[in-house]
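S.K.: predicted model and sequence follow; I will ask about them next.
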Amino acid sequence: MKLACCVLFVASGPTVVAQGFESSRPLWQLLQPGPYEIGFRVINHVDSSRDERVVRLAVWYPAVASINPDEVMFGDYLVYTPPFVPDNEYEKFRNAADAESLSRQFFGDEAESHQVALMDAVIPVEFDAREVDEPFPLILHSLGRNGNQFQHTVLWEYLASHGYVVGVVAQFGLDMGTPEMEFEASDLQLQLEDMRSALRALSAHPQVDSTQVGIVGYSSGALVGLWLASQEPQVLGVIGLDGSINRAEGRELFLRVVGDSVVSAPFLNICRWPHDEYDSDRFAQPLEGDVIRIGYERAIHFDFQNWPSYQVFAGAEEARSLEIRSLDEARRLFESTALFTRLFLDANLKDDPAARRELLNSNAIIESSGRTATLTVLQLAN
């Protein structure tokens, strides 16, 4: 069934943001965990079909907690040493790039103290924890251009606690001479091939149900995620977090690279809205599955990462962003984006009808977002 662009208004459902901060997961704000403990590891996968290219995967997964686990802090992500390091130069570059990116999260006179507080924040994760012995759906995260592997850690921890294996694919250019990526077809194709390599590697793992795959992409990563979904039928859903697909430049590039292929998987477009460059007449081409948009009226691009949580946690404020939305509105966006992401994945990967009903409940979406977001259905395929 195809629907014209419309906004859904139906009976209000339960409020999905729970109450109460937790000292064991202070960066989560009000998000509530699922039934699983959270493990973390880094895997350096060597793709023998591509001149031994190293594809670095940060993986969060459902775990069995140790009796007396060590306390882990956010800064420990940046000093974790994987058991297999095939290229020391690449590993040093990747670690330095991630650390440099995360050093630019705060502004003003208190930036240094806020940064120290962030690095010392407790996270609900155990490194190299024993896996839960059953298969789970796989979520691949496609980073925005030159993004760091730890910019959405709360979302990945949250999904792992709710029964997903999450693999975040590091971005890297052609070689050490050109390590950064540009917003152009050749570099996006390099990212696409790294994503495909990660899909193959993680699908072979016994904890992964390779028939249930979802993709979450931030910024230009949403474009790459849709491109991959057009080629991989086991992808059952794609989520864009303020994706470049909403911009005219990104839309044109996507149509060029995807060619005659179609995306049959449902697409959830979580983004700033309204968007001046959005082409409503052509957006749903070549998307053949459900296309749903949750648009936030007051938001900046970086609100769709961990950044709002960092600001709230450290008591920091950034003047330019506060001209667009309040810090509390940013926190609600951060929390509700994670919740909407899980509802979409539960509906499409776990075939949960209750999650689908909640996701299509306009009043619940409005309430959960702090009345800053609206739900629009562009099309329902069935």
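M.R.: That came through fine. From a predicted model like this one, the values you see are computed outputs, not experimental measurements.
S.K.: could you identify the helix or strand that succeeds the helix-or-strand element of the chain with minimal mean pLDDT?
M.R.: The element with the least model confidence among the helices and strands of the chain, by mean pLDDT, DSSP states H and E, is strand 6-7, at a mean of 41. Taking DSSP states H and E as the definition, the helix or strand that follows strand 6-7 towards the C-terminus is strand 37-47.
S.K.: now the spatially closest residue to Arg25 that is not a sequence neighbour: how far from Ser49?
M.R.: Of all residues beyond its chain neighbours, the one nearest Arg25 is Pro124 (4.4 Å), with distances taken as C-beta to C-beta, 6 or more residues apart in numbering. For the C-beta atoms, the positions are set from N, CA and C on the backbone; glycine is no exception. Summarising the geometry, the distance separating Pro124 from Ser49, computed by C-beta to C-beta, to the nearest Å, is 37 Å.
S.K.: again, but for Glu134
M.R.: Going from Glu134 to Ser49 by C-beta to C-beta gives 30 Å.
S.K.: what does Ser362 give?
M.R.: Using C-beta to C-beta, we find Ser362 at a distance of 46 Å from Ser49.
S.K.: neighbour-wise, which of these two wins?
M.R.: The neighbour count for Ser362 versus Ser49, taken as other C-beta atoms under 10 Å, is higher for Ser362 (20 against 9).
S.K.: go ahead and confirm that one touches Thr374.
M.R.: Yes - using C-beta atoms under 8 Å, Ser362 is in contact with Thr374, at 7.3 Å.
S.K.: what's the burial count for Leu333?
M.R.: Neighbourhood size, Leu333 [other C-beta under 10 Å]: 24.
S.K.: can you give me the pLDDT of it?
M.R.: pLDDT for Leu333: 96.
S.K.: please apply the same query to Leu378.
M.R.: You'll see Leu378 listed with a pLDDT of 89.
S.K.: and Asn146, by the same measure?
M.R.: At Asn146 the predicted local confidence, pLDDT, stands at 88.
S.K.: same question for Cys5.
M.R.: Note for Cys5: predicted pLDDT of 43.
S.K.: likewise for Val16?
M.R.: On pLDDT, Val16 comes in at 35.
S.K.: all helices of this structure, in order?
M.R.: Taking DSSP state H as the test, the helices found in the chain are 88-102, 111-119, 153-161, 185-203, 220-229, 248-258, 307-314, 319-322, 327-349, 353-359, 362-368.
S.K.: of the ones you listed, which is nearest Gly167?
M.R.: Minimum separation from Gly167 across the helices of the chain (C-beta to C-beta) falls at helix 185-203, 5.0 Å.
S.K.: which residues does Gln305 contact?
M.R.: For Gln305, the contacting residues are 151-152, 218, 241, taking C-beta atoms under 8 Å, 6 or more residues apart in numbering as the criterion.
S.K.: and it, how far from Ser66?
M.R.: Note on Gln305: its distance to Ser66, by C-beta to C-beta, is 30 Å.
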